[in-house]
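Student: Kindly return the folded structure for what I paste below:
(one chain, ligands or ions: 1)
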Amino acid sequence: MKKFFALVLALLMVVSLAACGGAEKTATANEEKPELVMGTNAAFPPYEFVDDNGEIVGIDAEIAKAVADKLGMKLTIKDMEFDSLLTAVQSGAVDIVFAGLTVNEERKQSVDFSITYATGVQVVIVPEDSKIKTVDDLEGKMIGVQAGTTGDIYCTDDYGQDNVKQFNNGALAVAALQNGQVDCVVIDNEPAKSFVEANDGLKILDTEYVTEDYAAAISKDNKELTDKVNKAMEELKADGTIDEILAKYIKAE
Ligand code: GLN
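Tutor: Residues are numbered from 1 along each chain as shown. Presented below is the predicted three-dimensional model:
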């Protein structure tokens, strides 16, 4: 019986020690910076991609980090499919989306946009020997796009749904182009350049399809964050930080 009590006592001590440890941990956690959770689709170089160390890097990751630093927050990045990003920010699963995201009227109905920080151009990638010479030649062709992107929306409007094949990201669309499943890929110009560089036998058409502006998206219920992010971004624009980040990843033509 004595042994039994000794055991119970020992157990109680272990449990209370563990509880103390736990309390300590919570106290440290409370002193930590608040989190800024960013959603993105890390298959969109040079805006966001996974580097050799398995880390998500790129223009958006660096701008978001600079914004978080200014706000005294700790940046966490969540990688997800492009077409679930806006739902994620609306539901609060993420606080902000940085994803080479184009500002448009339809999206403005569901989210708020920050000030813009870059320009994107929808371009067409084709095999080097393709008969497609201009955007007008896309009629009746099979076009690969990233699901839910503006490229997807324009192509579906202009060439019809039957001529558009959706992929979860640009890399998959380009792979489909390489194996002949689609005749071309419509995607933003900077990722297009990265994909053409990384894959033999592809080129970008000289004719541009649509020019657009990129901004971050924040929930309509979080005006306070939108204001703070905008202020931070204004400062980062004014002091040249955003230009520096863009120049680091985008080579001048
Ligand atoms: N700029 C395009 C859009 O917003 C594509 C963005 C992306 O694929 N990450 O729809």
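Student: For the chain, which segments are assigned as strands?
Tutor: 35-40, 43-44, 48-50, 56-57, 74-79, 96-97, 112-127, 143-146, 164-167, 184-188, 202-204, 210-218 (DSSP state E).
Student: closest one to residue 231 among the ones you listed?
Tutor: strand 112-127 (9.6 Å; Cβ to Cβ). In this view, the C-beta of every residue, glycine as well, is placed from N, C-alpha and C.
Student: What about the residue in the stretch 151-253 of the chain that the ligand sits nearest to, how many residues nearby?
Tutor: Closest to the ligand within the stretch 151-253 of the chain is residue 188: 4.9 Å, counting by Cβ to the nearest ligand atom. Counted with other Cβ atoms under 10 Å, residues neighbouring residue 188 total 25.
Student: If you count neighbours, what's buried in stretch 150-158?
Tutor: 150, 151, 152, 153, 154, 155, 156, 158 (16 or more other Cβ atoms under 10 Å).
Student: Intersect those residues with the contacts of the ligand.
Tutor: residue 150 (Cβ under 6 Å from any ligand atom).
Student: can you tell me which of the buried residues of stretch 150-158 are in helices?
Tutor: If you go by DSSP state H, those have 150, 151, 152, 153, 154, 155, 156, 158 in helices.
Student: Make sure the first one is actually in contact with residue 212.
Tutor: Yes - shown here, residue 150 and residue 212 form a contact pair, counting by Cβ atoms under 8 Å, at 6.3 Å.
Student: Residue 122 contacts residue 153, doesn't it?
Tutor: No - between residue 122 and residue 153 there is no contact under Cβ under 8 Å: 9.9 Å.
Student: The closest residue to residue 237 other than its chain neighbours and residue 64: what is the separation?
Tutor: Among residues not flanking residue 237 along the chain, residue 117 sits closest, at 7.2 Å (Cβ to Cβ, 6 or more residues apart in numbering). Counting by Cβ to Cβ, to the nearest Å, the gap from residue 117 to residue 64 is 11 Å.
Student: Overlap of the contact sets of the two?
Tutor: Here residue 117 and residue 64 have residue 216 as joint contacts, going by Cβ atoms under 8 Å, 6 or more residues apart in numbering.
Student: Please say which of these two ends up with more neighbours.
Tutor: Set side by side, residue 117 and residue 64 show more neighbours around residue 64, with 25 against 21, by other Cβ under 10 Å.
Student: contacting residues for the more buried one?
Tutor: Applying Cβ under 8 Å, 6+ apart, the residues contacting residue 64 are 36, 38, 75, 77, 96, 98, 216.
Student: you'd agree the last one is up against residue 95?
Tutor: It refers to residue 216. No - with contact defined as Cβ under 8 Å, residue 216 does not reach residue 95; the gap is 9.9 Å.
Student: which of the two has more neighbours?
Tutor: Taking neighbours as other Cβ under 10 Å, residue 216 and residue 95 compare with residue 216 leading, 29 against 24.
Student: which ones are touching residue 127?
Tutor: 177, 201, 202, 203.
Student: Quickly note the distance from it to residue 137.
Tutor: From residue 127 over to residue 137 (counting by Cβ to Cβ), the distance is 13 Å.
Student: Excluding chain neighbours, give the residue nearest to residue 106 in space.
Tutor: Closest to residue 106 by Cβ to Cβ, 6+ apart is residue 153, at 7.9 Å.
Student: picking that back up, out of the strands of the chain, the one nearest residue 238 is which?
Tutor: Closest approach to residue 238 among the strands of the chain is made by strand 112-127 (11.4 Å; Cβ to Cβ).
Student: Return a ChimeraX selection command for the buried portion of the contacts of residue 127.
Tutor: Remark: buried members of these, expressed as a ChimeraX selection using 16+ other Cβ under 10 Å:
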select :177,202
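Student: OK, contacts around residue 119?
Tutor: By Cβ under 8 Å, 6+ apart, the contact list for residue 119 reads 211, 212, 213, 214.
Student: Many thanks, we can stop here.
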